[in-house]
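K.L.:
Task: produce atomic coordinates for the following.
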Amino acid sequence: MAAISTLFLFFIIFLVSLLIILALIVRPRSVKIPIKSRHVFITGGSSGIGLALAHRAVAEGARVSILARSTEKLDEARRSIQLATCVGVATFSADVRDFDAVSKAVDESGPIDVLIVNQGVFIGKELEKQSHEEVKFMIDVNLVGSFNVIMAALPAMKAREGRGPASISLVSSQAGQAGIYGYTAYSASKFGLQGLAQALQQEVISDDIHVTLLFPPDTDTPGYEEEQKKRPELTSIIAASSGSMKTKEVAKICLDGIKAGKFTVTCHYIGFLLSIASAGMSPQGSFWVAFIEVMFGGLTRLVSLVVQSQWYKTIEKWSTTKKGIRS
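P.N.:
Purely as a prediction, here's the structure:
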């Protein structure tokens, strides 16, 4: 009994010591990012999560600018926000692949306090069925386009004075945490955002700019509806295991995470487990979450292996069925 008590005491001392160490070393520290009366610039803001984020930011008193390619969708978005909030937003039509066009829009919009890089395209196919143009399109919009937007906005964001902490947020995806059948090029483009975000945070933290990486799951957007019609059957079977969320719900979680200065923002427990399993060199401002990552990282890896095992069983079963039908 005495031995058990001693072991328990050592365990408690270990846990307390670990918490103290983590409280001292976690960087960068989380901060509050104000939204009210500040300029929020959202790419891909004419529909889906981007439009929902624009609605929320306006409702919280922000001056909002949205950028997208389609002038027609931008006009619709502006009218919907005006109707819902009685507040206008600035709209800019540009393709994020065109750095000059993006730079012009950013300059015209004025200094940005909160930049949300949200644009994204998806074409669901197995890689062997995908054209080079389709792969390049996804990489260029999702990854290169993100570089273009940030590089256009960063000089003015770094030059601001007396405006409080700023934020750059990158909207990735759960497919940017775990590669999924049929998402080959899309996952590559979204995984790339994690490396961009980790390195960028180190470069801009001294300017009081805080990077947030958002991992929304499948979300009920117009784009998602079209995606479901075209993606491979097996992709739909695997993706169904995590379900989907409403756009407004995802936008609330994401904006709350941005305001809290979090580096990683997930929308449900699956995303949270994946964020631990794929944390790598991601900064962590909360020593409590860091404690969970340290203590349960191995268990989370076990869960991810179980999920992967189920995916591969599904793939094997599906492949066997298809081969049987063909023969």
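K.L.:
And the helices in the stretch 151-300 of the chain, which stretches?
P.N.:
Along the stretch 151-300 of the chain, the segments classed as helices by DSSP state H, counting those that start in this stretch run 184-204, 222-230, 233-239, 247-259, 269-277, 287-326.
K.L.:
Which strand residues bridge the residue nearest the centre of the chain?
P.N.:
Nearest to the mean C-alpha position of the chain, by C-alpha atoms, centre = their mean, lies residue 214 at 2.3 Å. For residue 214, the beta-bridge partners under DSSP bridges are residue 171, residue 265.
K.L.:
mind listing what it touches?
P.N.:
Counting by C-beta atoms under 8 Å, 6 or more residues apart in numbering, residue 214 touches 169-172, 254, 257-258, 265. Any C-beta I mention is one placed from the backbone N, CA and C, and that applies to glycine too.
K.L.:
looking at these, which has the most residues close by?
P.N.:
Of all the contacts of residue 214, the most densely surrounded is residue 171 (29 neighbours; neighbours counted as other C-beta atoms under 10 Å).
K.L.:
Spit out the contact partners of that one.
P.N.:
Counting by C-beta under 8 Å, 6+ apart, residue 171 makes contact with 44, 49-50, 116-118, 120, 214, 216, 254.
K.L.:
how far away is it from residue 116?
P.N.:
Going from residue 171 to residue 116 by C-beta to C-beta, to the nearest Å gives 7 Å.
K.L.:
Now for the two: what residues contact both?
P.N.:
residue 50.
K.L.:
hang on, residue 239 packs against residue 180?
P.N.:
Yes: assessed by C-beta atoms under 8 Å, residue 239 is found in contact with residue 180 at 6.8 Å.
K.L.:
where does this structure dip in pLDDT?
P.N.:
1-4, 241-242, 298-299, 301-305, 323-327 (pLDDT under 70).
K.L.:
redo that, cut-off 50
P.N.:
Along the chain, no part satisfies pLDDT under 50.
K.L.:
How many neighbouring residues does residue 143 have?
P.N.:
Count around residue 143 with other C-beta under 10 Å applied: 20.
K.L.:
Please apply the same query to residue 136.
P.N.:
13.
K.L.:
From residue 145, how far out is it?
P.N.:
For residue 136 relative to residue 145 (C-beta to C-beta), the value is 12 Å.
K.L.:
Residue 157 against residue 109, yeah?
P.N.:
No: counting by C-beta under 8 Å, residue 157 does not reach residue 109; the two are 11.9 Å apart.
K.L.:
Show me which of these two is the more surrounded one.
P.N.:
Taking other C-beta under 10 Å, residue 157 and residue 109 do not tie; residue 157 has more neighbours (23 against 20).
K.L.:
If we ignore the residues flanking it in sequence, what's nearest that one?
P.N.:
The shortest distance from residue 157 to any non-neighbouring residue, by C-beta to C-beta, 6 or more residues apart in numbering, is to residue 166 (5.3 Å).
K.L.:
can you check residue 263 too?
P.N.:
Leaving aside its sequence neighbours, residue 263 sits nearest to residue 283 (C-beta to C-beta, 6+ apart; 4.9 Å).
K.L.:
Phi, psi for the one you found please.
P.N.:
Torsion angles at residue 283 (phi, psi; degrees, to the nearest 10) stand at phi -70, psi 150.
K.L.:
list the contacts for it?
P.N.:
26-28, 198, 201, 263.
K.L.:
quick one: which two of these are the most distant?
P.N.:
Spanning the widest gap among the contacts of residue 283 are 26 and 198, at 14.7 Å by C-beta to C-beta.
K.L.:
Return the distance of residue 56 relative to residue 72.
P.N.:
Look at residue 56 and residue 72: by C-beta to C-beta, they are 23 Å apart.
K.L.:
quick one: which of these two has more around it?
P.N.:
Set residue 56 next to residue 72 and count neighbours by other C-beta under 10 Å: residue 56 wins out with 20 against 11.
K.L.:
Quick check, the more buried one in contact with residue 251.
P.N.:
Yes: using C-beta under 8 Å as the test, residue 56 is close enough to residue 251 to be in contact (5.4 Å).
K.L.:
need the helices for the stretch 1-150 of the chain, in chain order.
P.N.:
So, for the stretch 1-150 of the chain - with DSSP H, counting those that start in this stretch - the helices run 2-25, 48-59, 71-85, 99-109, 132-139, 145-159.
K.L.:
Of those helices, which is nearest residue 243?
P.N.:
Of the helices of the stretch 1-150 of the chain, nearest to residue 243 by C-beta to C-beta is helix 48-59, at 16.3 Å.
K.L.:
Okay, angle between that closest one and helix 71-85 too, please.
P.N.:
Put simply, helix 48-59 runs at 40 degrees to helix 71-85, going by axes from the mean of the first three to the mean of the last three C-alpha atoms, to 10 degrees.
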